[in-house]
Structures are given as C-alpha cells and as structure tokens.
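*Asks:* what follows is a protein structure lacking sequence information:
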C-alpha cells in the first residue's frame, strides 16, 4: 500500500464521530420512504403514492442497516442512532424487540401489512396486534414520546376507538402521516388526532343499522389542516362524516370506492380551492364529476380517473386552467383507452397522459412508432393490459405531441435509456 493510500485511510479512520454520523444518516435515509406527505414538492402526481408505498425500498434500507451493524461495535452504535428507521411491528415475533424497535422507528407499520407487489392491504388478522389499542407500546414508553412520524396503524375495533385515539396522540406527538381503518360512526373520536396530520389514509367501513343508532347525536363542523386525504370506502353506503369536515389546506384528494360516492360533489365544492391533484378510482361504476369541477378546483394540475360516462364525457377545462396531466388509474374495460382519446380531443391544456401499465412488462414486439391499427382488434382481457390498446393510445399521444407515461411516471424513451444505462453498467467494456 502506498504512503498516500495509508495517509488517506488514516484520515478517514480518525474522522470525528459527527462526520461518521452524517455519513450513516445519508446512507440509511431514503427521502421517498420518510416523507411525511407522499406528494412532496416536485413529485410526479401520478406515481407519488406508488413510490411512497413501495416496500422494497424499506427492506433495502433495513438490509443496509443490518450489514453496517455487523462491521464493528462503533458502526453498530452509529447505525442504531440514525433518526430515520422503518419497522414492521406486526412481523416481529420477539415481544421485547417489537417494543424496543417501535420506540426507535420514524415510520412504523403497526398493524397493516404489505403484499408481494408492494401495495398496502389492510387485513383483519394481525396476530399479536389484532385487538391492540396501542396500549402495549404506550406502557413501554411511559417516560418518553415515540420518534414515529408515519404510522400505519391498521384496523381499529369500534369499542377501542376512543382509547386508541388517546394512546396514539399521547405517545406520537410528532405524528404527521397516519393509515387507519375505522367504522364511520367512531371517526368523531379521532378528529383531535387527525388535526395535526399532513397525510391521512382513512379506510371507512359503512354504518350498519346498530351503529347508525349509536351515531345519532349533535353534529358539529370540524376544521382539519390535512394536506393530503386518501379515502377508501368499503361499503355501498356513501359516508356522511365529511359533510362536517372543513379542509382549508387540502391539496391532494384520493378516493377509492366500489361505487360512485354521492357526497363527493359537496366535498369538492367545499374543499377544492387549493386542490392540486384529484384521484378517483371507482371499481364498478362510472366517475361522474360535476360539470363545474374546473371552476371549483382552479389550481388543479392532475386528474386521475377510472371509467367515465361514454355518452356524457367530462367538460373540457376552460382556457387558462392549469390542468396538464390526465391519469388512468385502472382499466377494467379495454374501451377506456379509446375513451381517453375522445376525452382529450378538446382538452388543449393537457400535455401528459399517464397510464396504469408498466413498461417493464411490455412484450418484445412493442413498437409505438409502427403504424397504429387503432382499437378495432381482439382485446387480450385475460392478461391485462392489452398492449395493442396501449400502442394505439401511445401512437395518438406521439402524433399530438403529448408525453405518455406508465404507472411509475416514466416515458417509453426514458425507460429505454434506463434499461440501456443499467445493462451498460453491468457489462463494462
């Protein structure tokens, strides 16, 4: 080893602890994982939620931490001291470790679980935390608050709602993002907790006859300073609780339901002045936006939809409206891509169509530059997407000078460049 290399090694080895701490913080921090709002400034409005929920990112960080902890005692201490940590409470079997690591986590998955593709699903079967109200964690950290700012809690039993809300608020004073599943009639117990959030993912079970009776009483308006609201409705009853909500700083609204939500018109009318993105995923029905949605949401830049009424297409945005991206959230019928072409015919401000396919799955013969055959072909509905439909829409976008992105917010050319760069780095000359 040369004298120069020895001197460099000595300088690195003798670097102050503060420098090493900064290095470890940088290596073990992924800003997409630890953003308290999925829609950070400058994000892609179509793919931001997917990126924020992409679990391989989380696991990669924790694998890196595990490797660094094995190097030496000092590196183990530095790796354990980093502020941004992710932990899955529901997958840890050791009760002591479970509570210790919960107290250190910045992003804590308490009761929800991830499936293999990285999408979140909220199950009733949480094992050790199935009937939890966060009391076990609260008792463990009685003398200090948790570090957690992102909490994926999971489902709350109705009878534990008031206590659960109180426990979360007591030990998570810095909480900024929450994923939670509740019955509609107990939401009122969480309003005080919701008020401090930037991001709220709320999955709501509808009221049955018994809970409707319990929900009777004095209703009052609630002002919540939530920036991003993701609402999933799991029943056919349209929720009424949002009629009492005032959301003066709401910028991103995501609604997922099996049917059209009857109260959405009033939600948009009352809370969309600052709205930048609107995502509406209706499984078995059409999206039926109000005719004056562009006037109600004068700042809207992104609109993501599933199927709209073919006979009653959405009114085109008025000249000067900032809307620039139309997103396709899911395709249940092959005709939807054809409908999108008709939809944007008079939308002069649109510059980007964001689809729900992934370029990584495209067949080898895919070529957007070959003559488009249109949509008059046999659709492959057994193995979506229909790539002939994707090619037809892609060709129209190229012809009109529009960007055409996939589910991850990547254009075809950008994907090809990424693939080429990756293969080049793996095969150096």
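*Replies:* Right, received. Where do you want to start? The shown structure was predicted, so the numbers you read here are calculated from the model rather than taken from an experiment.

*Asks:* which stretches of the stretch 101-250 of the chain form helices?
*Replies:* Here the stretch 101-250 of the chain has its helices, by DSSP state H, counting those that start in this stretch, at 135-140, 161-171, 191-194, 209-214.

*Asks:* run through the residues that contact residue 104.
*Replies:* Each residue near residue 104 by C-beta atoms under 8 Å, 6 or more residues apart in numbering is listed here: 80, 85, 87, 147. Where C-beta positions appear, they are placed from N, C-alpha and C, glycine not excepted.

*Asks:* sort out for me which of those residues are in strands.
*Replies:* residue 87 (DSSP state E).

*Asks:* quick check, nearest of the contacts of residue 104 to residue 191?
*Replies:* Among those, residue 147 lies closest to residue 191 (C-beta to C-beta), at 24.5 Å.

*Asks:* contacting residues around the closest residue to that closest one other than its chain neighbours?
*Replies:* Distances taken as C-beta to C-beta, 6 or more residues apart in numbering place residue 106 nearest to residue 147, at 5.6 Å, with adjacent residues excluded. By C-beta under 8 Å, 6+ apart, the contact list for residue 106 reads 34, 83, 84, 85, 86, 147, 148, 149, 150.

*Asks:* which of the residues you listed ranks first by neighbour count?
*Replies:* residue 148 (26 neighbours; other C-beta atoms under 10 Å).

*Asks:* that residue against residue 101, yeah?
*Replies:* No. Between residue 148 and residue 101 there is no contact, the gap being 11.0 Å when judged by C-beta atoms under 8 Å.

*Asks:* for the spatially most central residue of the chain, which non-adjacent residue is spatially closest?
*Replies:* Against the mean C-alpha coordinate of the chain, by C-alpha atoms, centre = their mean, the closest residue is residue 49 at 2.7 Å. Leaving aside its chain neighbours, residue 49 sits nearest to residue 38 (5.2 Å; criterion: C-beta to C-beta, 6+ apart).

*Asks:* do residue 98 as well
*Replies:* Counting by C-beta to C-beta, 6+ apart, the residue nearest residue 98 is residue 92, at 4.4 Å.

*Asks:* tell me how many other residues crowd that neighbour.
*Replies:* 16.

*Asks:* you'd agree residue 62 is in a helix?
*Replies:* Yes. Residue 62 forms part of a helix when assessed by DSSP: H, G, I helix; E, B strand; the rest coil.

*Asks:* what's near enough to touch residue 393?
*Replies:* Residue 393 neighbours (C-beta under 8 Å, 6+ apart): 337, 338, 340, 341, 353, 355, 404.

*Asks:* now do the SS call for it.
*Replies:* Per three-state DSSP, residue 393 ends up helix.

*Asks:* could you report the pLDDT at it?
*Replies:* On pLDDT, residue 393 comes in at 90.

*Asks:* can you list the neighbours in contact with whichever strand or helix holds residue 32?
*Replies:* Using DSSP states H and E, the secondary-structure element containing residue 32 is helix 31-34. By C-beta under 8 Å, 6+ apart, the residues outside helix 31-34 that reach it are 40, 51-52, 54, 57-58, 61, 84, 86, 106-107, 149-150.

*Asks:* the residue nearest to residue 49 contacts residue 50, doesn't it?
*Replies:* No. Using C-beta under 8 Å, residue 38 makes no contact with residue 50, being 9.0 Å away.

*Asks:* between the two, which is the more surrounded one?
*Replies:* Counted by other C-beta under 10 Å, residue 38 and residue 50 do not tie: residue 38 has more neighbours, with 22 against 15.

*Asks:* wait, a helix at that one?
*Replies:* No. Per three-state DSSP, residue 38 lies outside any helix segment and is coil.

*Asks:* now it: how far from residue 54?
*Replies:* According to C-beta to C-beta, to the nearest Å, residue 38 and residue 54 sit 11 Å apart.

*Asks:* distance of residue 44 relative to residue 324?
*Replies:* 12 Å.

*Asks:* in this structure residue 344 contacts residue 324, no?
*Replies:* No. If you go by C-beta under 8 Å, residue 344 and residue 324 don't touch, sitting 11.5 Å apart.

*Asks:* which neighbours do the two have in common?
*Replies:* Counting by C-beta under 8 Å, 6+ apart, the residues touching both residue 344 and residue 324 are residue 350.

*Asks:* list the residues that contact the residue nearest to residue 49.
*Replies:* Residue 38 neighbours (C-beta under 8 Å, 6+ apart): 48, 49, 51, 52, 53, 199, 228, 252.

*Asks:* got the contact list for stretch 330-349?
*Replies:* 281, 283, 306-308, 310, 313-314, 316-317, 319-324, 326, 328, 350, 353, 355-356, 375, 379, 381, 384-386, 389-390, 392-393, 396, 402.

*Asks:* any idea how far apart the tips of it sit?
*Replies:* Criterion C-alpha to C-alpha, to the nearest Å; first-to-last residue distance in stretch 330-349 is 23 Å.

*Asks:* again with stretch 351-360
*Replies:* Stretch 351-360 end-to-end distance (C-alpha to C-alpha) = 23 Å.

*Asks:* what kind of secondary structure is the closest residue to residue 323 other than its chain neighbours in?
*Replies:* Among residues not flanking residue 323 along the chain, residue 317 sits closest, at 4.9 Å (C-beta to C-beta, 6+ apart). Three-state call for residue 317 (three-state DSSP): coil.

*Asks:* now swap in the one 10 residues further on and tell me
*Replies:* At residue 327, secondary structure determined by three-state DSSP is strand.
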